[in-house]
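K.L.:
sequence below, structure please.
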Amino acid sequence: MDRVGIYAVPAVVLCIVLFGFLRKVPVFDSFVAGAKEGLRSTVSILPTLIGLIMAVSMFSASGALDLLSSFLSPLADLMGLPAQVMPLALIRPVSGSGATAVLTQILKDCGPDTFPGRVASVLCSSTETTFYAVAVYFGSVGVKKTRHAIPAALTGDLTACVFSALTVRLFFR
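P.N.:
Model prediction:
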């Protein structure tokens, strides 16, 4: 099975290049044009991403995340979420790397086979980095008004938070 993984990517690239040659497509020119377009997209969304990363870093470093988590802990109890998972639920829609750091800390503090560890794992895998995705996808095509995308995505994230705790209770208790 390891051998398949080693040869899979070069085989796919070779198939794409051969298919392009058979179709009489200028493969290298198409590649360069796609790379230019990708670079333009990256440059256009870069300010948004830098602002988002800076805001998440400041939010976490200032202690505001911990303060907001402790303020919302009664709501977490109402939803059946362990208090340790609340920072993860708050940071996940904004930052994937921040959420991974919080998940790692939860797993280190509580353990992976505990209720908070399992809820955090399910929550992290069933939610999306909503604001990052909106910034990248909407920003790359120049959409300024997201209309219902953010409220709908955040509703999905909230639903995933509630159901992550419910699912862990259902399967592991």
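
K.L.:
before we move on, which element is A11 in?
P.N.:
Element membership for A11 (DSSP states H and E) is helix 2-22.

K.L.:
toward the C-terminus, what is the element adjacent to that helix?
P.N.:
Per DSSP H and E, the first helix or strand lying C-terminal to helix 2-22 is helix 27-61.

K.L.:
what packs against that next one?
P.N.:
Packed against helix 27-61 by the contact rule (3 or more C-beta pairs under 8 Å, 6 or more residues apart in numbering; DSSP states H and E) you find helix 2-22, helix 86-91, helix 96-110, helix 130-140. C-beta coordinates here come from the backbone N, C-alpha and C atoms, glycine included.

K.L.:
rerun at 7 Å
P.N.:
For helix 27-61, the elements it packs on are helix 2-22, helix 130-140, judged by 3 or more C-beta pairs under 7 Å, 6 or more residues apart in numbering; DSSP states H and E.

K.L.:
return the most buried member of those.
P.N.:
Sort the helices and strands packed on helix 27-61 by mean neighbour count, taking mean count of other C-beta atoms under 10 Å, and helix 130-140 sits at the top with a mean of 17.

K.L.:
could you point out which element follows that one?
P.N.:
Once helix 130-140 ends, the next helix or strand along the chain (criterion: DSSP H and E) is helix 149-172.

K.L.:
so what touches that next one?
P.N.:
Applying C-beta atoms under 7 Å, 6 or more residues apart in numbering, the set of residues contacting helix 149-172 from outside is 79-81, 89, 92-93, 115, 118-119, 122-123, 126-128, 130, 134.

K.L.:
and these, which of them are buried?
P.N.:
Buried members of the contacts of helix 149-172, scored by 16 or more other C-beta atoms under 10 Å, are 79, 81, 89, 92-93, 115, 118-119, 122-123, 126-128, 130, 134.

K.L.:
on that earlier part again, F71 is nearest to which of the helices and strands packed on helix 27-61?
P.N.:
Closest of those to F71 is helix 130-140, at 20.5 Å (criterion: C-beta to C-beta).

K.L.:
from the contact counts, what lies against that closest one?
P.N.:
Identification of packing neighbours for helix 130-140 by 3+ C-beta pairs under 7 Å, 6+ apart yields helix 27-61, helix 149-172.

K.L.:
got the buried residues for the longest one?
P.N.:
Which is helix 27-61. Along helix 27-61, the positions that meet the burial threshold by neighbour count (16+ other C-beta under 10 Å) are I45, T48, L52, V56, F59, S60.

K.L.:
that one vs helix 130-140, what angle?
P.N.:
Counting by axes from the mean of the first three to the mean of the last three C-alpha atoms, to 10 degrees, helix 27-61 points 140 degrees away from the direction of helix 130-140.
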